[in-house]
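Peer 1: Give the three-dimensional model of this entry:
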Amino acid sequence: MDGLAGALQISRGRAADLVTRLQSMGLIRTKGLELPLTESGREYALRIIRSHRLWETYLASETSVPAPRWHDQAEIREHSLSDAAADELAAQMGNPRFDPHGDPIPTSTGELPPPSGVPLSSLGAGDGGVITHLEDEPEQVYDRLVQTGLALEMTVHVLETSATEIRFQANGIEIGLEPVVATNVTVKPLPDSKTRKPTPVLADLGPGQSAKVRRILPTLQGVQRRRLLDLGVVPNTAVTAEFSGAMNGPTAYRIRGTLIALRRSQAEAVEIIPADGLEN
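Peer 2: Residues are numbered from 1 along each chain as shown. Next comes the predicted model:
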């Protein structure tokens with residue numbers, strides 16, 4: 001009971017009342033000190049998880065709600081979403097398999113793939129990996145990860161490790177995290193990471209150089225992501241850097257015969273297939 005109260009940050013009395021209520025609803029049963037879910041409890045939990053993660057995905061891809069608020073907003077709405085509405089929302093977004101933190105979204109039939117990957121803190125100097133999950137609790141730790149600019153599918157390369165800090169490179173930026181914070185970043189190790197070069201991004205193009213769009217990184221979400229998609233920044237589209245603005249101003253790129261201006265932070269979120277002398 002103390003563990004439940006601590007996890008939910010409520011009093012022991014409220015935790016006891018909660019357990020009694022869940023038992024009366026047939027959602028949990030007692031087994032010594034354990035409180036395992038019944039079959040009905042598991043089905044209900046999966047429906048809530050599905051609703052929560054679909055809402056987070058919607059907030060990330062369709063709104064301007066900042067990342068640190070996705071979780072709280074989804075918690076408010078998760079219980080009001082019917083199964084039919086959840087299916088409709090999922091279909092509207094192309095039936096996503098993972099939420100913006102990398103957590104798998106249960107299917108309408110309750111299927112949930114097992115977690116995979118290792119903590120970033122387990123990699124050694126010279127190792128690399130692709131981020132597959134960013135833990136969104138506790139809130140303070142997730143805020144720290146968001147502030148560093150980390151995002152799903154980003155490739156990281158560990159530079160050095162110590163008892164107090166893990167230094168690594170992500171998208172050409174050097175970042176340092178305490179090991180306890182780095183544990184909240186899950187990565188899929190890259191076997192050839194010691195020889196693999198970072199994937200170039202649109203910001204790497206110099207005036208007159210061309211490439212094809214590989215993808216827009218998950219670091220760019222909401223209205224900014226939709227704007228690039230509306231401008232034609234989609235996979236295999238040819239793009240040419242025309243000229244750069246003064247004082248690190250926006251760079252003009254030609255896409256589908258049209259000039260568009262992108263800030264460096266936007267151009268760094270677009271991976272490209274090298275051309276015109278660029279090598280990967």
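
Peer 1: Give the burial count for Ile48, as a bare number.
Peer 2: 14 (other CB atoms under 10 Å). Using the backbone N, CA and C atoms, a C-beta is placed for each residue, glycine as well.

Peer 1: Do I have it right that it meets Leu81?
Peer 2: No. Counting by CB atoms under 8 Å, Leu81 is not a contact partner of Ile48; they are 9.1 Å apart.

Peer 1: Domain-wise, how is this protein divided?
Peer 2: 1-36, 44-107, 118-189, 202-273 (automatic domain parsing).

Peer 1: Ramachandran coordinates for Ala67?
Peer 2: phi -50, psi -40 (degrees, to the nearest 10).

Peer 1: Next one: it relative to Thr148, how far apart?
Peer 2: Between Ala67 and Thr148 the distance is 12 Å, computed by CB to CB, to the nearest Å.

Peer 1: One more: Gln92?
Peer 2: 31 Å.

Peer 1: and what of His52?
Peer 2: In terms of CB to CB, His52 sits 25 Å off from Thr148.

Peer 1: And these two? Which one has more around it.
Peer 2: Higher neighbour count among His52 and Thr148: His52, with 23 against 15, using other CB under 10 Å.

Peer 1: Any buried residues in whichever strand or helix holds that one, and which?
Peer 2: Assigning secondary structure by DSSP states H and E places His52 in helix 39-62. Across helix 39-62, burial judged by 16 or more other CB atoms under 10 Å covers 41, 44, 46-47, 49-62.

Peer 1: returning to that earlier point: got the domains of the chain as TSV, with mean pLDDT columns?
Peer 2: Formatted as TSV, those follow (pLDDT from 0 to 100):
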stretch	mean pLDDT
domain 1-36	81
domain 44-107	92
domain 118-189	91
domain 202-273	88
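
Peer 1: just checking, Ala172 touches Ala269?
Peer 2: No Ala there; residue 172 is Gly. No. With contact defined as CB under 8 Å, Gly172 and Ala269 do not form a contacting pair (11.9 Å).

Peer 1: Comparing those two, which residue is more hemmed in?
Peer 2: Ala269 (27 against 11).

Peer 1: Confirm for me that the more buried one is in contact with Val201.
Peer 2: Yes. Using CB under 8 Å, Ala269 is in contact with Val201, at 7.2 Å.

Peer 1: so what sits against both of those two?
Peer 2: Each of Leu217 lies in contact with both Ala269 and Val201 under the rule CB atoms under 8 Å, 6 or more residues apart in numbering.

Peer 1: Buried ones in stretch 82-96, by neighbour count?
Peer 2: 86-87, 89-90, 96.

Peer 1: Tell me the one of those residues nearest Leu35?
Peer 2: Ala86 (26.1 Å; CB to CB).

Peer 1: Pull the contacting residues for the closest one.
Peer 2: 47, 50-51, 54, 108.

Peer 1: With Val156 instead?
Peer 2: 120, 128-131, 150, 168-170, 185, 187.
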